[in-house]
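# this one's sequence-less:
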């Protein structure tokens, strides 16, 4: 106590009670960590944080570090956002940076190179008429054609950026899941701090994703996946934010963009509903509200689809036509086959060995067979396990349900001509990556120890990176890619057709003849007739061998079989090239004009017609043709060259 009449003098922090100056105390730096119980998984996270410089050592002080440290720990994350983005960008650059010279394949030609709807990017109506439900994807191709012509590097840059952005969207989704009510405490503060980054890395580095990135036309799959993941991430963050409307507006815009990029994204409302049920424990009233909006949305979507297709929305016939891509496969047989196919997809996710472009999977004859029934029972078992994991392991459950939802359109009752393509797993794989990310950052550390979990995660990511890099390297060399594909799918004629064409392009005529003979043998065995790619390859092979008269006879033979307009145009163009080799320019001109009458925008016929007219001295007519070529294909080099020759000769 202070005696009466005296004034209390406050002690300085560095003064002792006797009034003498106290010796300086050694400062102890204390960083407030979250008040959580220690787990085995925290050890590896602490060490990895020290390795990257995000753990404090005694004697180092920084107020900005302290604030950011507390911020990221309070949110349940290890790294600042900019560093996570940098890590993801470097990872994508390493495994996809060497793909800029990968050429066009398969549908790239029909959808991009030979697609007249993409000749002018600003003619949006023309693109809409070509593919109204994929208009945004094709609009992006039109922009690429405007900027890059047919130089594949520009297309690949866009595809890689889209893949990277999809990874960022999944990162945002994973971060949001950690802030939901069921994960806000407990595990989310400890073991799952690495969950968002590892999940995004798995998604970006997995070789099963490479077909949707490196196969140019499958930008449709990756772009749709980006919009889908962005929409669900925006909804989630809006659900958690105080000011909600900007996130919900972004969700609506991203969702609409997804639907107008690829049809498989119509399951987005269902994915949001599942997320609400699992992570927010919906009350009955809110659940009924969401179900009401879901039903209304489905109804609006159906009327819109029927409207743009010019069909009666109340007609069962319209439903039958609009919910199938091919009439050659019955719905029940397609569904039975997809039960088997989804297990193939899962196997490729777990063991990504033997990936290839064109798979050979036989359609199962009816549903009541051993493969279909066992496959279906397996899927039911997985979903039952996911259902009973909702409370204990919500991320695992959500990842599994997300996977099946994302496959719902392309792997159920809507028949598609090709029953298996790897790019169809691009969006569903996000669900498996969520489940795998949860396993590496939560389950595995508790089952083993932190060191084993850390090394396992790192080893898997490195192995996936190597496999993806190798798979992308194979895409750079068409002969090698199709040779490997023929080894893995030896009885699919389309593979041998493609191999024959690439061998012809490489000047390896003898090997091309062998591949073509195998293709035609398989076609005769399974179809009973020669398909048009084989017919065109046969004519070109005879041309390469100098057998012009035999090639002309073969062309005439196939023209008599009344092919569709595009195939007819190609055969006539090849026929015109044969007459050029024989120096019979008037006959060549006639072939090219007939080709253009069948397919007015066929570039080879247009360019070669201009050359033939130039050779015949019809310079003004040639100028007119080459001007038309440049109007539709502004970067066409041959047209520019001949126009310069015409101008210089005047």
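Arrived safely. No experiment lies behind these values; they were computed from the predicted model shown. Numbers count the residues shown, from 1 in each chain.
# quick one: what helix or strand has residue 108 in it?
Here residue 108 sits within helix 107-108, counting by DSSP states H and E.
# what's next to that helix, contact-wise?
Applying CB atoms under 8 Å, 6 or more residues apart in numbering, the contact partners of helix 107-108 are 215, 216, 217. C-beta coordinates here come from the backbone N, C-alpha and C atoms, glycine included.
# Report the contact partners of the last one.
With contacts defined as CB under 8 Å, 6+ apart, the neighbours of residue 217 are 106, 107, 108, 111, 112, 141.
# And it, how far from residue 131?
For residue 217, the distance to residue 131 equals 12 Å [CB to CB, to the nearest Å].
# list residues touching both of those two?
Among the neighbours of residue 217, none is also in contact with residue 131 (CB under 8 Å, 6+ apart).
# where does the stretch 151-300 of the chain dip in pLDDT?
The stretch 151-300 of the chain contains residues with pLDDT under 70 at 185-192.
# hmm, try it at 50
188 (pLDDT under 50).
# what do you get for the chain?
Flagging of the chain using pLDDT under 50 yields the residue ranges 1-20, 24-76, 188.
# And the strands in it, which stretches?
With DSSP state E as the criterion, the chain has no strands.
# so how far is stretch 537-554 from its chain's centroid?
39 Å (CA atoms, centre = their mean, to the nearest Å).
# quick one: contacts of it?
For stretch 537-554, contacts defined as CB under 8 Å, 6+ apart pick out 497, 500-501, 504, 509, 512-513, 516, 519-520, 530, 535, 555, 558, 571, 574-575, 577-578, 581-582.
# and with 6 Å instead?
Contacting residues not belonging to stretch 537-554 are listed as 500, 501, 504, 509, 512, 513, 516, 555, 574, 578, 581, 582 [CB atoms under 6 Å, 6 or more residues apart in numbering].
# ranking those by neighbours, who comes first?
residue 500 (28 neighbours; other CB atoms under 10 Å).
# what sits against the residue nearest the centre of the chain?
Most central in the chain under CA atoms, centre = their mean is residue 222, positioned 2.6 Å from the mean C-alpha point. By CB under 6 Å, 6+ apart, the residues touching residue 222 are 162, 163, 212, 213, 426.
# Could you list the buried residues of stretch 474-489?
In terms of neighbour count (16 or more other CB atoms under 10 Å), stretch 474-489 has its buried residues at 474, 475, 477, 478, 479, 481, 482, 483, 484, 485, 486, 489.
# on that earlier part again, distance check, the residue nearest to the centre of the chain against residue 177.
The span separating residue 222 from residue 177 equals 22 Å under the rule CB to CB.
# same thing with residue 477?
From residue 477 across to residue 177, the span is 41 Å (CB to CB).
# again, but for residue 604
52 Å.
# okay, those two: which has more neighbours?
Legend: neighbour count by other CB under 10 Å for residue 604 and residue 177, higher for residue 177 (27 against 17).
# How many neighbouring residues does residue 252 have?
When counting by other CB under 10 Å, one arrives at 13 neighbours for residue 252.
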